[in-house]
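**Q** 3D, please:
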Amino acid sequence: MSEKKKNLLLQGGILAGAGLITKIIGFAYRIPMSNMMGDQGNGLYSVAFGIYGIALTISSYSLPLAVSKMVSARIAKAEYQNMIKVVANALVYALIAGLFAMNVLFFGAGVLEKMYHKTGLALPLRVLAPTTFVVALLGVFRGFFQGHGDMVPTSLSQILEQIVNAVISVFATWWFTKLYAGGDLEAAFGAAGGTLGTLAGALSALLFILFLFIAARKRYMTKFNPDEKLETSEQIYKALFLTIIPIILSQTIYQIGYTIDDLMFGSLMEMRGYKEELATSLQGVFNTQYNQLVNLPVAIATAMASSTLPSIVLSRLQNDTRGVHQKITQVIKVNMVIAFPSAVGLAVLSEPIIQMLFPRLTTYRQYAIMLLATGSSAVVFYALSTLTTSVLQGSNYMRLPVIHSAVSLGIHVVLLAILLLFTDLGVYALLICNGIFPVIVSVLNCRSITQKVGYKWEYRNTFIKPMIASAAMGIVAFAMYHVLNQAIANVYIVSAITITASIIVYGVMILQINCFSEDELRAIPGGSRLVHLIHN
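**A** I've put the predicted structure just below:
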């Protein structure tokens with residue numbers, strides 16, 4: 001493999017690794033923050049973030065990828081002045097789009113509060129409003145470095161952003177809930193404390209990447225090509241919009257699902273006669289205690305999908321069909337080996353997990369335990385839908401995942417409305433519909449991969465064997481936890497022993513049933529030692 005190709009894979013791996021680190025940090029700081037906020041505060045926080053996600057997607061989420069593609073295309077043709085114009089025009093777009101989104105969120109917060117039937121929602125929305133402007137500018141500079149094939153600035157800025165976010169969010173939530181304890185807006189101020197950390201994190205990342213940009217400006221922006229044909233601003237803006245719009249359409253489908261759920265749940269529950277405080281608290285339980293735990297193992301799939309995409313693209317460009325198929329098999333198999341035991345573990349140990357992570361959230365604890373126990377299988381399908389989407393994109397079928405997600409979202413919305421209006425399922429309607437969404441996307445994506453990419457699925461090794469090993473692990477975990485729980489009156493000790501034993505059981509099972517070939521094991525970090533252990 002050439003040095004350029006190796007560097008591409010290395011840089012993709014760096015960015016994916018940074019994404020995984022930020023997800024882990026995000027999960028870690030949300031635990032104490034969620035305990036301090038309470039169920040109602042978590043409900044406001046999650047609804048505010050759903051709305052913020054839409055504003056971010058429409059205004060600036062697509063900028064890093066769009067600027068990256070346009071910058072790299074012009075560098076490849078030695079069009080250095082055009083590259084500078086791309087960055088300058090993208091900054092103008094970011095200023096306009098970011099300011100527009102900021103004003104909509106800030107001045108429209110009161111209207112959105114009434115629309116979502118959430119008293120106090122305006123406060124965290126107004127704190128989040130300037131974050132859209134900051135993130136828009138940040139996206140341009142991240143795209144600039146990525147377009148030069150350097151993922152380190154983006155990766156470091158992401159990690160810095162999340163660390164600052166974590167520290168400020170936890171401190172501000174603690175301070176605001178203490179300051180306004182017992183007041184009517186205690187939950188709203190707690191949610192605002194969490195969103196303040198988001199703003200502080202984005203601002204610190206922007207200042208950091210600006211420093212790197214100024215330091216690297218001479219290296220990247222002083223090259224000159226006398227034969228370069230200069231583009232007009234109109235040409236650059238046209239290319240920018242043509243790049244941004246498909247990404248916006250794709251991401252909006254994913255983001256809009258969350259806020260549609262929040263909007264429908266609040267409105268329809270009120271229509272059915274439920275109190276606003278109850279609906280908001282149940283949303284907090286679902287979005288925090290359930291979704292947060294389910295999304296952690298899915299973050300591994302997202303990171304692996306990001307790192308695998310450049311590799312699949314390279315194999316496809318080399319017309320290496322066998323190589324593409326091998327990479328698909330490897331990444332999906334590794335993820336299923338992680339997703340299946342995660343789903344089983346969350347289901348079997350749902351009660352101690354909720355007790356340990358959310359000790360202060362006791363009012364709706366049984367809802368949280370039941371949601372996790374019955375809905376943890378979504379881990380498998382969210383991981384599979386994420387990976388198969390990446391495979392289709394890497395195989396140059398960009399529109400198919402968007403179409404599949406749109407179809408699934410339509411079914412999801414109709415079914416959710418029916419369940420909320422005509423049944424008493426309440427928050428379990430959210431669970432059912434959020435579980436169906438990735439199942440439909442996975443089925444449609446897998447079908448397209450078979451038809452378009454010509455891939456033959458290895459069902460036995462990829463799905464059945466991890467499922468069998470996970471079931472065995474689940475039986476051991478269930479039995480061990482309940483036996484130890486009778487002898488040791490400490491949920492932390494019992495859970496630690498149970499989880500450790502379960503991991504060992506699962507690992508031995510996976511190796512004994514030959515889920516991986518020796519070549520596949522050697523391709524995994526540390527795999528050669530496992531091969532040696534098997535033979536000895």
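
**Q** For the stretch 351-500 of the chain, which segments count as helices?
**A** Listed in chain order, the helices found in the stretch 351-500 of the chain under DSSP state H, counting those that start in this stretch are 365-375, 378-394, 399-422, 427-448, 459, 465-487, 491-512.

**Q** Any regions of this structure where pLDDT drops low?
**A** Applying pLDDT under 70 to the chain flags residues 1-13, 15-16, 221-223, 225-228, 246-247, 249-251, 254, 301-314, 317, 519-536.

**Q** before we move on, the earlier item: can you put the helices of the stretch 351-500 of the chain in a markdown table and add distance to F208 and mean neighbour count?
**A** Every C-beta, even on glycine, is put in place using the N, C-alpha and C of the backbone. Shown next, in a markdown table, are the helices of the stretch 351-500 of the chain (distance: least, CB to CB, whole Å; neighbours: other CB atoms under 10 Å):
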| stretch | distance to F208 | mean neighbour count |
| --- | --- | --- |
| helix 365-375 | 37 | 20 |
| helix 378-394 | 28 | 25 |
| helix 399-422 | 33 | 17 |
| helix 427-448 | 35 | 20 |
| helix 459 | 46 | 9 |
| helix 465-487 | 40 | 17 |
| helix 491-512 | 37 | 16 |
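
**Q** Take those helices and lay them out in a markdown table including distance to I354.
**A** As requested, those are arranged in a markdown table below (distance: least, CB to CB, whole Å):
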| stretch | distance to I354 |
| --- | --- |
| helix 365-375 | 5 |
| helix 378-394 | 16 |
| helix 399-422 | 24 |
| helix 427-448 | 15 |
| helix 459 | 33 |
| helix 465-487 | 14 |
| helix 491-512 | 10 |
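
**Q** what's the closest of those helices to Q162?
**A** Among the helices of the stretch 351-500 of the chain, the nearest to Q162 by CB to CB is helix 378-394 (19.9 Å).

**Q** now the angle between helix 465-487 and that closest one, please.
**A** If you take axes from the mean of the first three to the mean of the last three CA atoms, to 10 degrees, helix 378-394 sits at 150 degrees to helix 465-487.

**Q** Now helix 378-394 - C-alpha only, PDB.
**A** Taking Å, rounded to 0.1, in the frame of the first residue of the first chain, the C-alpha atoms of helix 378-394 are listed here in PDB:
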ATOM      1  CA  ALA A 378     -32.100  -1.800  19.700                       C
ATOM      2  CA  VAL A 379     -28.300  -1.800  20.300                       C
ATOM      3  CA  VAL A 380     -27.900  -4.500  17.600                       C
ATOM      4  CA  PHE A 381     -30.100  -2.900  15.000                       C
ATOM      5  CA  TYR A 382     -28.700   0.700  15.500                       C
ATOM      6  CA  ALA A 383     -25.200  -0.700  15.200                       C
ATOM      7  CA  LEU A 384     -26.100  -2.600  12.100                       C
ATOM      8  CA  SER A 385     -28.000   0.300  10.500                       C
ATOM      9  CA  THR A 386     -25.100   2.600  11.100                       C
ATOM     10  CA  LEU A 387     -22.500   0.200   9.600                       C
ATOM     11  CA  THR A 388     -24.600  -0.700   6.600                       C
ATOM     12  CA  THR A 389     -25.300   3.000   5.900                       C
ATOM     13  CA  SER A 390     -21.500   3.500   5.900                       C
ATOM     14  CA  VAL A 391     -21.000   0.600   3.600                       C
ATOM     15  CA  LEU A 392     -23.500   1.900   1.000                       C
ATOM     16  CA  GLN A 393     -21.900   5.400   1.200                       C
ATOM     17  CA  GLY A 394     -18.400   3.900   0.800                       C
END
